[in-house]
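Trainee: okay, sequence plus prediction incoming.
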Amino acid sequence: MKDLRQSIHGEWGSRWAFILAATGSAVGLGNIWRFPYVVGEYGGGAFILIYLACILAIGIPVMMAEILIGRRGRQSPINTMRALPAEFGAGRWWQILGWLGVIAGFLVLSFYSVVAGWSLAYVPYTAAGTFTGTETSQVEAIFNDLLASPWQMLFWHTVFMGATAFIVLRGVQNGLERAVRLLMPILFLLLLVMVGYGMGAGAFVEAMDFMFSPDFSAIGGDAVLVAMGQAFFTLSLGLGAIMAYGSYLSKRSSIPGNSGLIAGADTVIALLAGLAIFPIVLAAGLDPDSGPGLVFVTLSYGFGQMPLGALFGTLFFLLLSFAALTSAISIMEPATAYLVETRGWKRPKAAAAVAAAAWLVGIGSLLAFNVWAGFTIAGLNFQELAEYLSTSVMLPLGGLLMALFAGWVLPRSVTTEELALPDWVYRGWLVLVRFVVPAAILVVFANSLGLLG
Ligand code: PHE
Ligand code: NA
């Protein structure tokens, strides 16, 4: 029997609309800010190899599962995870998956918006030529001044959240497609310019060596957990963003094809970001292990040195802010769609409520860089805790549940219809979501808890 359900929130206008919106969700701070800084922290090549393995063996199959659950449910993730288990005779507790995603979404947004605010702050900095010809120590001082100023960060955090809310309240299907289609290729070209600059003026050979010659002796249990978490984070998986976007996807669109395209584009952008950043880091004697500030310090230093740097830099931070925006709106979508469905709120009201809540939580992350830096749990401040709990724990846990749900609860008749794959490929996917993905995630969890010795 054919499934004829429709979403009350409407459908994407075309196949490309979904791919562009989902790519807009995937490509963001995760690629350009977080990927290089965790690669730097966890030592380079071996970490990247584990990360790539996670994208292929866990990320892509989970993305297919998440999209198909969304398209089958046709509701916000919370309500989909209420309706589908009921329909297929599974327990009510599956709805936890939807709630887990909404909570993870607020935690992600809390630091995401603050970091996007840094990117916005860097637009006027670079435009004014602040970095032109400066020493690395000055560039670091400028970044540290921003961190030390809660009011300045609050201003940019507010601008970013406001812009996000504005787009979400108009409905994600409107206008997003054209903007992503135009701006994403420019961001890609700018990254190529930076890679080119690194080839000519940076320590490119050393950077290639750092990124691609693996040294597994440096890898501990936590590195594997972070690499896996980064794979989920960068592909926007495990919190329902992709499930919500999947619920607006037309029945005619290919889920496996779309997943491959999105994951491929995301991976290329992350690797390019690494190739743009590490040649400068290594040539300028910066510390790859310097944490969340790495990209801001490195790139602004690079823009300060290169010809036309003020122009490229301004454009770059503008586009990075935009890439962050298209990700943030997808993070808000599950909670917004839920309020529309369940409370009967109009979309603008729902979006404003979600953004206001996320703005409040974000203040916690923002203050963690200055006033509240001393408040720590297990050595982590609020922002570090939000980042660790969401990316390394909740997203993989969400992905685990999605894989189990698609693999074991949904009948094969449903998943074969949704995926429309040749039989042997379908079987491969089924083995992955039933056994490989759950086992891998559980082993990585156990390992980082020290349970495996
Ligand atoms: N994938 C986004 C990025 O790489 C972040 C994100 C995480 C978006 C989770 C949606 C859900 O920047
Ligand atoms: Na990403």
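Mentor: On my side now, so go ahead. These figures come from a predicted structure and were not determined experimentally. Ligands and ions are numbered 1, 2, ... in the order given.

Trainee: hey, let's count contacts and neighbours off CA atoms from now on
Mentor: Noted.

Trainee: how about the residues of the chain that lie near ligand 1?
Mentor: For the chain, the contact set with ligand 1 under C-alpha under 6 Å from any ligand atom comprises 25-31, 233-237, 241, 327, 330-331.

Trainee: swap in 8 Å and give it another go.
Mentor: Contacts of the chain with ligand 1, taken as C-alpha under 8 Å from any ligand atom, map to 25-32, 34, 105, 108, 112, 232-242, 266, 323-324, 327-328, 330-331, 391, 395.

Trainee: roughly how far does I219 sit from Y42?
Mentor: Distance, I219 to Y42, using C-alpha to C-alpha, to the nearest Å: 7 Å.

Trainee: meant to ask about A227
Mentor: For A227 relative to Y42 (C-alpha to C-alpha), the value is 9 Å.

Trainee: likewise for G240?
Mentor: Taken as C-alpha to C-alpha, the span from G240 to Y42 is 28 Å.

Trainee: and what of P36?
Mentor: P36 is 10 Å from Y42, by C-alpha to C-alpha.

Trainee: who's more crowded, the two?
Mentor: Set P36 next to Y42 and count neighbours by other C-alpha atoms under 10 Å: P36 wins out with 30 against 22.

Trainee: mind listing the helices for the stretch 1-150 of the chain?
Mentor: Using DSSP state H, counting those that start in this stretch, the helices of the stretch 1-150 of the chain run over 15-26, 29, 35-41, 45-54, 60-73, 77-87, 95-127, 136-147, 150-170.

Trainee: please identify the most buried of those.
Mentor: With neighbours taken as mean count of other C-alpha atoms under 10 Å, the helices of the stretch 1-150 of the chain reach their highest mean count in helix 60-73, at a mean of 27.

Trainee: quick one: which of the helices of the stretch 1-150 of the chain is nearest F316?
Mentor: helix 95-127 (8.2 Å; C-alpha to C-alpha).

Trainee: now for the closest one, which elements pack on it?
Mentor: The contact analysis (3 or more C-alpha pairs under 8 Å, 6 or more residues apart in numbering; DSSP states H and E) places helix 95-127 against helix 29, helix 77-87, helix 150-170, helix 309-343, helix 347-368, helix 382-387, helix 395-404.

Trainee: buried sites along the fourth one?
Mentor: Taking 16 or more other C-alpha atoms under 10 Å as the neighbour-count basis, helix 309-343 is seen to contain the buried residues 309-310, 312-341.

Trainee: for the lowest-mean-pLDDT helix or strand in the chain, the distance to its chain's centre please.
Mentor: Ranking every helix and strand in the chain by mean pLDDT, DSSP states H and E puts helix 176-201 at the bottom, with a mean of 88. Between the centre of helix 176-201 and the centre of its chain there are 18 Å (C-alpha atoms, centre = their mean, to the nearest Å).

Trainee: show me what the strand or helix carrying S300 is packed against.
Mentor: S300 is part of helix 294-305, with elements assigned from DSSP states H and E. Applying 3+ C-alpha pairs under 8 Å, 6+ apart, we find helix 294-305 packed against helix 35-41, helix 136-147, helix 255-283, helix 309-343.

Trainee: recalculate using a threshold of 10 Å.
Mentor: Secondary-structure packing of helix 294-305 (3 or more C-alpha pairs under 10 Å, 6 or more residues apart in numbering; DSSP states H and E): helix 35-41, helix 95-127, helix 136-147, helix 176-201, helix 255-283, helix 309-343.

Trainee: chain center to the first one: distance?
Mentor: Average the C-alpha atoms of helix 35-41, do the same for its chain, and the two points are 14 Å apart (C-alpha atoms, centre = their mean).

Trainee: swap in the fifth one?
Mentor: When C-alpha coordinates are averaged (C-alpha atoms, centre = their mean), helix 255-283 and its chain have centres 12 Å apart.

Trainee: just want the angle from that helix to helix 60-73.
Mentor: Counting by axes from the mean of the first three to the mean of the last three C-alpha atoms, to 10 degrees, helix 255-283 lies at 140 degrees to helix 60-73.

Trainee: so which bits of helix 255-283 are buried?
Mentor: Under the neighbour-count criterion of 16+ other C-alpha under 10 Å, helix 255-283 has 255-256, 258-260, 262-264, 266-267, 269-282 buried.

Trainee: compute the inter-axis angle for that helix and helix 15-26.
Mentor: Using the same axes, to 10 degrees: helix 255-283 against helix 15-26 is 40 degrees.

Trainee: pLDDT of helix 255-283, averaged?
Mentor: In this model, helix 255-283 carries a mean pLDDT of 97.

Trainee: give me the angle between that helix and helix 176-201.
Mentor: Going by the same axes, to 10 degrees, helix 255-283 makes 30 degrees with helix 176-201.

Trainee: and I8, its phi and psi?
Mentor: phi -70, psi -10 (degrees, to the nearest 10).

Trainee: same thing with I377?
Mentor: The phi/psi pair for I377 (degrees, to the nearest 10) is phi -120, psi 130.

Trainee: how near is it to ligand 2?
Mentor: Per C-alpha to the ion, to the nearest Å, I377 is found 28 Å from ligand 2.

Trainee: tell me the contacts of L109?
Mentor: 103, 115-116, 161, 327-329, 331-332, 355, 358-359, 361-362, 365, 386-387, 390 (C-alpha atoms under 10 Å, 6 or more residues apart in numbering).

Trainee: out of the residues of the chain next to ligand 1, which are close to ligand 2?
Mentor: Counting by C-alpha under 5 Å from the ion, 26-27, 30-31, 234 from these sit close to ligand 2.

Trainee: R170: which of the residues you listed is nearest?
Mentor: Using C-alpha to C-alpha, A26 comes nearest to R170 of these, at 20.6 Å.

Trainee: so that closest one touches L325, yeah?
Mentor: No: if you go by C-alpha atoms under 10 Å, A26 and L325 don't touch, sitting 11.0 Å apart.

Trainee: could you find the closest non-adjacent residue to S330?
Mentor: A241 (5.3 Å; C-alpha to C-alpha, 6 or more residues apart in numbering).
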